[in-house]
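**Q** Sharing a sequence plus its predicted fold:
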Amino acid sequence: MDRRESIKSLLLGTLAGGALVTGCAPEEKAADIANVDVQPEEKHYGRTEKEKKNDAELNAEVFFSEHEISSIAVLCDLILPANATIGGATDAGVPEFIEFIVKDIPKHQMPIRGGLMWLDNASNKAYNLEFKAALPEQQKAILDTIAYPVPDLPMSKQTQGIRFFSLMRDLTLTGYYTSKMGIEDLGYKGNVPSVWDGVPEEELKRHGLAYEKEWLDKCIDQNSRMDIAEWDDDGNLIG
Amino acid sequence: MQIIESPSEYDVIVVGSGAGGGMATKVLSEAGLKIAVLEAGPYFDPKNPEHQTQLKWPWESPRRGANTVRPFGDFDSAYGGWEIEGEPYTNAEGTQFDWFRSRMLGGRTNHWGRISLRFGPKDFRRKSIDGLGENWPIGYDDIKPYYDKVDKLIGVFGSKENLPNEPDGFFLPPPKPRLHEMYYIKGARKMNIPVIPSRLSILTKRINSERGVCFYCGQCSRACLAYADFSSGSCLIFPAQKSGGQIDLFVNAMVREVTTNEEGKATGVSYINKDDRKEYKLRGKVVGLAASACGSARILMNSKSAQHPNGLGNSSDHVGKYLHDSTGASRAAFIPALMDRKIYNEDGVGGMHVYTPWWLDNKNLDFPRGYHIEVWGGMGMPSYGFGFGAAGMNKYIGKNIGGYGDKLRDDVKRFYGSVVGISGRGESIPMKDNYCEIDPTVVDEFGIPVLRFNYKWSDFERKQARHMHNTFEEVLTAMGGELMGKKPGKDQDYGLLAPGRIIHEVGTTRMGNDPKTSVTNKFEQLHDANNVFVVDGGPFVSQADKNPTWTIMALAWRTSEYIIDQIKQRNI
């Protein structure tokens, strides 16, 4: 069974309802904007043969045990839970991402593996339950002791629990906001062919800024972008 | 193992397919010459769906674009980096130089910043101004016609500013500034620091019917599938092939040495085919080295013969000497006014829309030479690392740091696009003691002796970096910013990045009129072998505070015309 699929099925029980995954912005006449066809091909992401092999090898390895990955899922969903409008960390595939990234960046392995046991130990002592089996209120009570670093103290000097949680928070945020769902949540509007014609007027006003005429006069008139450039001998654009 | 020799003879063998090699290939092939181009990496075309990384989403990479495999992340279009498996280099004890190589057709032009600045009149005669280094044997007027031609052929946006040492060119109109750049303009002007539209080789307008127009995805580092930015493959080599040039392209061909005859003239090159790991020889009347400053120096030093016992072109013992990179330092700030942003697509072009050229007079400063300032920020596409430290941003607005849940989600959005950074890129002083040489103890996986670097910054560069950081603080503060991190002190070389990190290394085969103190003449022709030319950054006498690519191409064009003329006159 494919490892990504197996993590998915393993976590199926924790999925909070249907995942909200919507498509990216429509390709609005991309060819017209660039003057050539710029439709991206979806099967590839530009890997060399060696890189493909490396990805395949990492995907074939399994690092986390079932207990570990399901604990990660519970923790990630506490960090970024689903809400009324959008799915949470596991809906966005964050545990699968963390499984991959610790194989890709092995320095994360020990702190996460050890941190999970630290978390279970803390939960067992307090509630006689593993972290993932504790009630949400109990889980949050533990998190409240490790989710707030001491101000003005470098991360290397923070306590073990805080350091573990900070790493998990970082990876959860990155995994989530680099997913389709996370980008929708963030509202990022780019990565599509478009024409940049300056900051929206009302936004400039809100910031108390304005383009100067002298500067604007130098800038591209986007109506002329398809005209082939020509210059006089002094470098003045005449076409 | 037998070396396999090819029967045919080329007019010119070009080693390397980046900016210099691409330009030489185009100009020489269009003159009707038969060209062999050798590239140490595979074929690459950003339009090929299997090579393309542009317009990919972060989730298409299992590591979400992390830099585990490629040093600038999974979507960056450079096959290589500062470390390449099987192709090591060494550093002499107590010194450091980090050597970036991109093994692919087009080389580093596939991912570079497209900052395309002409050197100005002063940049060719720095010794006359501050007594340091050496003057070039040519001046701005010698190279100006070629800058003009490069502008028109390749396309660069910018604006006429009539600044004394930042010559204007044949510009396409620049894009309008983005919001964080408007803040930069405001902050910099408060400190009497000028800001002008940036100058990048990106097509804001069509320049011909072959190439596309920028569609503002901000991803020039991924190489443009519309050919709307400059890469050597898409703008030089493919068009040269298309216009019927006699070009034989050898990819995965790692050149070992230039072969020479009894008169000491070049007869061709020998190379390793990386696919079958066998050695081959090509014959050529002229050899043009464009393997990058250090790559070409390595080939020359490895080309030893009875006629050239110290390596080809190295009777002066100057090959590899005067290696120098640009200086670099950066700082970032949180701009409270940029919190809670209205979200719209501001990807823009792949790089900054505005920049600050060097604006001060060194007479009043404790260091020589200058630097320009680049600015970055905005609501970019997330990739690996996005959200790291997000929970800590609250300290800048006096709130509790940390947390989880919906509050954390809100924090990420509130701070999105509120960090702005600025970087300085400056001119270092070329030093004879900063050099690369052949390491007598190490070979790469192809059996080719590797380079050993000897490089240390001097106080000239450290003081410049200190000045950069003082400027960064002034400007970021004037923008209303809360400075992030700490200003690096003396113990950290004032934040000066290690040599090689800015990837502007030049100077290893510097040009000059005196064969005792230079490797090439003013036409980038070896003093010691008149049918060998170096058309990369090697012949630079000094690297201005400007990115070297435009000058590499202008010089390569000039040299190519000289080669054509010399062949016609039967001088070579």
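**A** The structure has been received and is ready for your questions. Numbers count the residues shown, from 1 in each chain, chains lettered A, B, ... in the order given.
**Q** In this structure B:Ala337 contacts A:Arg206, no?
**A** No. Under the criterion of CB atoms under 8 Å, B:Ala337 makes no contact with A:Arg206, lying 9.7 Å away. For the C-beta atoms, the positions are set from N, CA and C on the backbone; glycine is no exception.
**Q** can you tell me which residues contact the closest residue to chain B within chain A?
**A** Nearest residue of chain A to chain B, counting by CB to the nearest CB: A:Leu173, 2.8 Å away. With contacts defined as CB atoms under 8 Å, 6 or more residues apart in numbering or on different chains, the neighbours of A:Leu173 are A:Ile79, A:Leu80, B:Phe386, B:Gly387, B:Phe388, B:Ala390, B:Leu408, B:Val412.
**Q** same thing with A:Asp152?
**A** Taking CB under 8 Å, 6+ apart as the definition of contact, the neighbours of A:Asp152 are B:Lys395.
**Q** If I look at residue 196, what pLDDT would I see?
**A** Here I'm looking at chain A. As predicted, A:Trp196 sits at a pLDDT of 98.
**Q** that's the other chain; I wanted chain B
**A** Here the pLDDT value assigned to B:Ile196 is 98.
**Q** Which residue ranges of chain A form strands?
**A** With DSSP state E as the criterion, chain A has no strands.
**Q** pLDDT weak spots in it?
**A** In the prediction, chain A carries residues with pLDDT under 70 at positions A:1-31, A:37-42.
**Q** quick check, distance from stretch B:191-211 to the centre of its chain.
**A** Relative to the chain's own centre, stretch B:191-211 is displaced by 17 Å; criterion: CA atoms, centre = their mean, to the nearest Å.
**Q** what comes up buried for that stretch?
**A** Neighbour counts using 16 or more other CB atoms under 10 Å in any protein chain shown place B:193, B:195-207, B:211 of stretch B:191-211 among the buried residues.
**Q** which of those come close to chain A?
**A** When CB under 8 Å from any CB of the partner chain is applied, the members of these adjacent to chain A are B:Pro197, B:Thr204, B:Lys205, B:Arg206, B:Ile207.
**Q** Skipping adjacent residues, who's closest to residue 90 in space?
**A** The chain I'm using is chain A. For A:Thr90, ignoring the flanking residues on the chain, the nearest one in space by CB to CB, 6 or more residues apart in numbering or on different chains is A:Ala73 at 4.9 Å.
**Q** Actually, chain B is the one I wanted.
**A** When the adjacent residues along the chain are set aside, B:Thr90 lies closest to B:Arg452, with 4.5 Å between them (CB to CB, 6+ apart).
**Q** closest point of the stretch 351-500 of chain B to chain A, which residue?
**A** Of the residues in the stretch 351-500 of chain B, the one nearest chain A is B:Gly387, at a distance of 2.8 Å by CB to the nearest CB.
**Q** from what I can see that residue touches A:Ser179, true?
**A** No. Counting by CB under 8 Å, A:Ser179 is not a contact partner of B:Gly387; they are 11.7 Å apart.
**Q** got a list of what the residue nearest the centre of chain B touches?
**A** Chain B has B:His504 as the residue nearest its centroid, 4.8 Å off, counting by CA atoms, centre = their mean. Contacts here follow CB under 8 Å, 6+ apart; on that basis B:His504 touches B:Asp325, B:Ser326, B:Arg425, B:Gly537, B:Gln543, B:Asn547, B:Pro548.
**Q** one more time with 7 Å
**A** B:His504 makes contact with B:Asp325, B:Ser326, B:Gln543, B:Asn547, B:Pro548 under the criterion CB atoms under 7 Å, 6 or more residues apart in numbering or on different chains.
**Q** Dump the residues you listed to a markdown table, plus neighbour count.
**A** Below are the contacts of B:His504 laid out as a markdown table (neighbours: other CB atoms under 10 Å in any protein chain shown):
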| residue | neighbour count |
| --- | --- |
| B:Asp325 | 29 |
| B:Ser326 | 26 |
| B:Gln543 | 28 |
| B:Asn547 | 23 |
| B:Pro548 | 24 |
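**Q** Looking at the residues you listed, which are in strands?
**A** The strands, defined by DSSP E, take in nothing from the contacts of B:His504.
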